[in-house]
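Asker: Return atomic coordinates for the entry below.
(chains A, B, C and D)
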2 protein chains.
Amino acid sequence: MAVSEVSLVERARVTADGVTMCPQRGALEHITSRWGTLVLIALLDRSYRFGELRREIGRVSEKMLTQTLQTLERDGIVHRDAKPVIPPHVDYSLTPLGREAAEQVRALATWTAERMTAIEKAREEYDAAKG
Amino acid sequence: MAVSEVSLVERARVTADGVTMCPQRGALEHITSRWGTLVLIALLDRSYRFGELRREIGRVSEKMLTQTLQTLERDGIVHRDAKPVIPPHVDYSLTPLGREAAEQVRALATWTAERMTAIEKAREEYDAAKG
DNA sequence: CTGTATCCATTTGGATACTG
DNA sequence: CAGTATCCAAATGGATACAG
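Answerer: Okay, here's the model as predicted:
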């Protein structure tokens, strides 16, 4: 039995085009996605407005930030609070569920930062050995 | 200052085409990549040979598995042991560094599996509210 | 058996313009 | 301000064939 069916406890679904997919692979990928990780880490501090978050993360297009936030909102990770004023004012924050995820993501990011010296050393050795 | 410059302690580098990149974003993305997560979780159990790992993970092309393994090897996460026999026999395993990473990834995957009910409920509500 | 090389489909991502 | 829509470029991923 494959890893995706054991450790991730696959509950297979057959989609329209007959391809098998498991829903938690999706959720995990949303959380660990390129912008997902940065959004979660940012929101761990406080809530952010859309443009604010965009500046905070840096170099993310409106499109990608919108998409990331919508996906995480759909998964119940991020809470969206749109105030009915003009001009629009929308606050994004973590749900309790999201906070749990974000803390783990931050732990992984912190781990990576701490091990960066070792990782770069490994890369140099690999490249030197003409990898 | 942006998230990518705080929590991930950005140490900016300017690449050939003038784009700024930080090396740990790279490392983190290798670890949390689509196939990276599955490889790490599998290797947490025991070492695997190439084809064995491919069957274990399921539905991964040779190209992607090769690429994933090489990247993780370069980062010092995965150890590659090629025995000089014919036919070739190559074992992949986790380095001590890799084991640390893999355990965190597994924790995140386990968390996702445990919260899957809540996540799917959130998705249904979101979709029902015509998201 | 363990890869590499190539080609092609799909996906992702960004720039821009526009709406409520 | 907070998005949506569109178009296009680039990266990703898979299938296949082939090499050591």
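Asker: From here on, just use CA atoms for contacts and neighbour counts.
Answerer: OK.
Asker: and residue A:41, how many neighbours does it have?
Answerer: 27 (other Cα atoms under 10 Å in any protein chain shown).
Asker: ok, it touching residue A:102?
Answerer: Yes. Between residue A:41 and residue A:102 there is a contact under Cα atoms under 8 Å: 6.0 Å.
Asker: Does DNA strand C have contacts with the top helix by length along chain A?
Answerer: The residue-count maximum for a helix in chain A (DSSP state H) belongs to helix A:96-128. No. Using Cα under 7 Å from any atom of the strand as the criterion, no contacts between helix A:96-128 and DNA strand C are found, and the smallest distance is 13.2 Å.
Asker: And that helix, how far out from the chain middle?
Answerer: Averaged C-alpha coordinates place helix A:96-128 at 14 Å from its chain's average position (Cα atoms, centre = their mean, to the nearest Å).
Asker: ok, and does it reach over to chain B?
Answerer: Yes. Helix A:96-128 is in contact with chain B by Cα under 8 Å from any Cα of the partner chain, via A:101, A:104-106, A:108-113, A:116, A:118-120, A:122-123, A:126-127.
Asker: which among these end up buried?
Answerer: A:101, A:104-106, A:108-113, A:116, A:119-120, A:122-123, A:126 (16 or more other Cα atoms under 10 Å in any protein chain shown).
Asker: which of those lies closest to residue B:91?
Answerer: Ranked by distance to residue B:91 (Cα to Cα), those are led by residue A:126 at 17.4 Å.
Asker: Please report how far the closest one lies from DNA strand D.
Answerer: Here residue A:126 is placed at a distance of 20 Å from DNA strand D (Cα to the nearest atom of the strand, to the nearest Å).
Asker: Do I have it right that that residue meets residue B:77?
Answerer: No. The pair residue A:126 / residue B:77 is not scored as a contact, 11.7 Å apart, by Cα under 8 Å.
Asker: Let me see the contact set for the residue nearest the centre of chain A.
Answerer: In chain A, the C-alpha nearest the mean C-alpha coordinate belongs to residue A:36, at 2.4 Å (Cα atoms, centre = their mean). With contact set as Cα atoms under 8 Å, 6 or more residues apart in numbering or on different chains, residue A:36 has these partners: A:30, A:68, A:69, A:72.
Asker: host element of the first one?
Answerer: Using DSSP states H and E, residue A:30 maps to helix A:23-32.
Asker: before we move on, what about the second one?
Answerer: Following DSSP H and E, one finds residue A:68 within helix A:62-74.
Asker: how about that helix: buried residues?
Answerer: Judged by neighbour count (16+ other Cα under 10 Å), helix A:62-74 contains these buried residues: A:65, A:68, A:69, A:70, A:71, A:72, A:73, A:74.
Asker: Just the angle for the host helix or strand of residue A:80 relative to helix A:62-74, thanks.
Answerer: With elements delineated by DSSP H and E, residue A:80 resides in strand A:78-83, which encompasses its position. Orientation of strand A:78-83 against helix A:62-74 (axes from the mean of the first three to the mean of the last three Cα atoms, to 10 degrees) gives an angle of 110 degrees.
Asker: for strand A:78-83, packing partners?
Answerer: Counting contacts by 3 or more Cα pairs under 8 Å, 6 or more residues apart in numbering or on different chains; DSSP states H and E, the secondary-structure elements packed against strand A:78-83 are helix A:62-74, strand A:89-94.
Asker: Can you spell out which helices and strands pack onto the first one?
Answerer: Helices and strands touching helix A:62-74, by 3+ Cα pairs under 8 Å, 6+ apart, are helix A:23-32, helix A:34-43, strand A:78-83, helix B:116-128.
Asker: tell me the mean pLDDT for it?
Answerer: Per-residue pLDDT values over helix A:62-74 give a mean of 96.
Asker: Measure how it sits relative to strand A:89-94, angle-wise.
Answerer: Between the axis of helix A:62-74 and that of strand A:89-94 there is an angle of 60 degrees, by the same axes, to 10 degrees.
Asker: Check the offset of helix A:62-74 from the chain's centre.
Answerer: Computed by Cα atoms, centre = their mean, the separation of helix A:62-74 from the middle of its chain amounts to 10 Å.
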